[in-house]
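# next one to model:
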Amino acid sequence: MTAVPKARTHEATTEATADAEAKAIPSSSGGRRTLATALLLGALGAAVTLLASRQTWSEGDAQTAGGALHQIASGGDVTGLPAALAIVGLAALVAVFAVRGAGRALVSGLLALSGAGTIAAALLGANDNGALDEKAATATGDAAATIDAVTHTVWPYVAGVGGLLLFVAGLLALRFGSRWPAMSGKYERDGAPRRRKAAAAVDPDRPEDLWKALDRGEDPTREG
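The predicted structure follows:
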């Protein structure tokens, strides 16, 4: 049997290692890109949704005996779901990095669902007049009072865009989350007892060895 030269074997091993590293670099780079993209989209989506929820979504005039009374309804008056779901989505985005495996997939799904729910709630509230009618009833003291000449703004759709960003961040987390890093566990303890180093041999004829043994809490007179 012909022996394979060691030099050739070493070269083959080196080439295999280089090929593995070359394949790992694009994967790691792609993971970092999707991570940064998901973080940006999720944070931006939550911020946009929260901002839009505080703006005026609809306005109109309630007719009273003294004339028209202008009423304004903000996103929070119409529906509190977009803001609440944006906060849930933001919390899920942070939690993605605290868990691994199935837990990460579950949190990523929650992030995507928060975005989808935000979109649905914003679109449903875009043409809602219920909040304005309640304000008209309160202002006029007439439960049957309604608002005339209702005007709807673009802010519900802006909130929907924020929900879309959250949804895309969730999809990225579901697709690429397994490649993303998790919180460092170097400070975590696994509860296993640490192995103590073997005690150095003590020479009874050397006083410095006796003192070192006493400092370590050992009995220098005990035979090993």
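
# going forward, measure contacts and count neighbours with C-alpha atoms only.
Noted.

# and the helix or strand where Ala83 lies, what's buried?
Element membership for Ala83, per DSSP states H and E: helix 81-95. Buried residues in helix 81-95, defined by neighbour count with 16 or more other CA atoms under 10 Å: 81-90, 92-93, 95.

# could you point out which element follows that helix?
Using DSSP H and E, the helix or strand that follows helix 81-95 towards the C-terminus is helix 102-125.

# low-confidence ranges in the chain?
1-30, 64-67, 142-145, 183-211, 213-215, 217-224 (pLDDT under 70).

# all strands for the protein, in order.
Secondary structure of the chain, counting by DSSP state E: strands at 56-64, 67-74, 147-152.

# of these, flag the one that's most buried.
Using mean count of other CA atoms under 10 Å, the stretch among these with the largest mean neighbour count is strand 56-64, at a mean of 21.

# show me the contact partners of that strand.
For strand 56-64, contacts defined as CA atoms under 8 Å, 6 or more residues apart in numbering pick out 68-75, 78, 126, 129, 132, 136, 140, 145-156.

# please apply the same query to stretch 137-153.
Contacts for stretch 137-153 (CA under 8 Å, 6+ apart): 56-64, 126-127, 129, 132-134, 136.

# what of stretch 159-172?
Stretch 159-172 has contacts (CA under 8 Å, 6+ apart) with 34, 37-39, 41-53, 82, 86, 89, 93, 108-120, 122-123.

# make JSON lines out of the strands of the chain and add distance to Gly103.
JSON lines is the format used below for those (distance: least, CA to CA, whole Å):
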{"stretch": "strand 56-64", "distance to Gly103": "37"}
{"stretch": "strand 67-74", "distance to Gly103": "36"}
{"stretch": "strand 147-152", "distance to Gly103": "41"}
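
# among those strands, which is nearest Phe176?
strand 56-64 (36.1 Å; CA to CA).

# for the closest one, which strands pair with it and how are they oriented?
strand 67-74 (antiparallel), strand 147-152 (antiparallel) (DSSP bridges).

# who wins for proximity to Gly177 among the ones you listed?
strand 67-74 (36.0 Å).
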